[in-house]
Each structure stands twice: as structure tokens, then as C-alpha cells.
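>>> Next input, structure requested:
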Amino acid sequence: MSWLQEMIDKSQTKNPIVSTLVKDGVYWIDNGIGKVPAVLMESPKQGRGYKKTVLMNVKGSHVGLFDEMGSVYVADIIEPVEEDEL
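Residues are numbered from 1 along each chain as shown. Coordinates of the predicted model:
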């Protein structure tokens, strides 16, 4: 499968966690660099539905990379981070 088809599939995937996402919540994501925590910067709700991508502050320093903000597919969000896990 090509990388383009993979990105298209990811953007169309429905994630059951999307309805429980809360702005300023911390979640585990896996978008290709491993399991890292990220802070949700905007509400995933849009009109009558939910967004496919959300703005998150990804804490890449957990795996030796830079902390950056950017768009993350909702399909890449795994679960909420418990307070004692950080």
C-alpha cells in the first residue's frame, strides 16, 4: 500500500474515542514515532459531527525528539493518559 493510500485510509477511519475527547486533555497517540503523550488544543466537535484531524501539542521529548504542535489524525489517538503515567 502506498503512503498516500495509507494517509487517505487514516483520514476516513472512525475512532470510538472521538466522542470522549476533551480540550486540554492529555492523550497517548501513535502517529509513527511511537507512543507519545499529546495535549489536545482544540475541541474535536465541529457542527453536527467530528473533525478528522485535531490540533495537538505532541510531547516528542518522551522519545528523544522535539515537542511540537500540529495536526494529528483522530484515528492515531489511543487512550487518555493517567496522571501517574507521566
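>>> give me every residue that touches the most centrally placed residue in the chain.
Residue closest to the average C-alpha location in the chain (CA atoms, centre = their mean): Ile77, at 4.0 Å. By CB atoms under 8 Å, 6 or more residues apart in numbering, the contact set of Ile77 is Asn15, Ile17, Val18, Leu21, Tyr27, Trp28, Ile29, Ala38. Where you see a C-beta, it was placed from the backbone N, CA and C, and this is true even at glycine.
>>> Can you find the helix or strand in the chain with the smallest mean pLDDT?
In the chain, the helix or strand scored least confidently by mean pLDDT, DSSP states H and E is helix 3-12, which has a mean of 73.
>>> buried residues in the helix or strand following that helix?
Using DSSP states H and E, the helix or strand that directly follows helix 3-12 along the chain is strand 26-30. Within strand 26-30, the residues scored as buried using 16 or more other CB atoms under 10 Å are Val26, Tyr27, Trp28, Ile29.
>>> same question, stretch 37-52
Under 16+ other CB under 10 Å, the buried positions of stretch 37-52 are Pro37, Ala38, Val39, Leu40, Pro44, Tyr50, Lys51, Lys52.
>>> Which of the residues you listed sits closest to Glu6?
Checking the buried residues of stretch 37-52 against Glu6 with CB to CB, the nearest one is Lys52 at 14.4 Å.
>>> Out of the contacts of Ile77, which one has the lowest pLDDT?
pLDDT is lowest at Asn15 among the contacts of Ile77; the value there is 71.
>>> I'd guessed it sits against Val74; true?
Yes - using CB atoms under 8 Å, Asn15 is in contact with Val74, at 5.0 Å.
>>> So for those two, which residue has more residues nearby?
When Asn15 and Val74 are compared for neighbours, Val74 comes out ahead with 20 against 17, by other CB atoms under 10 Å.
>>> Quick check, that one in contact with Val18.
Yes - counting by CB under 8 Å, Val74 does reach Val18; the two are 5.1 Å apart.
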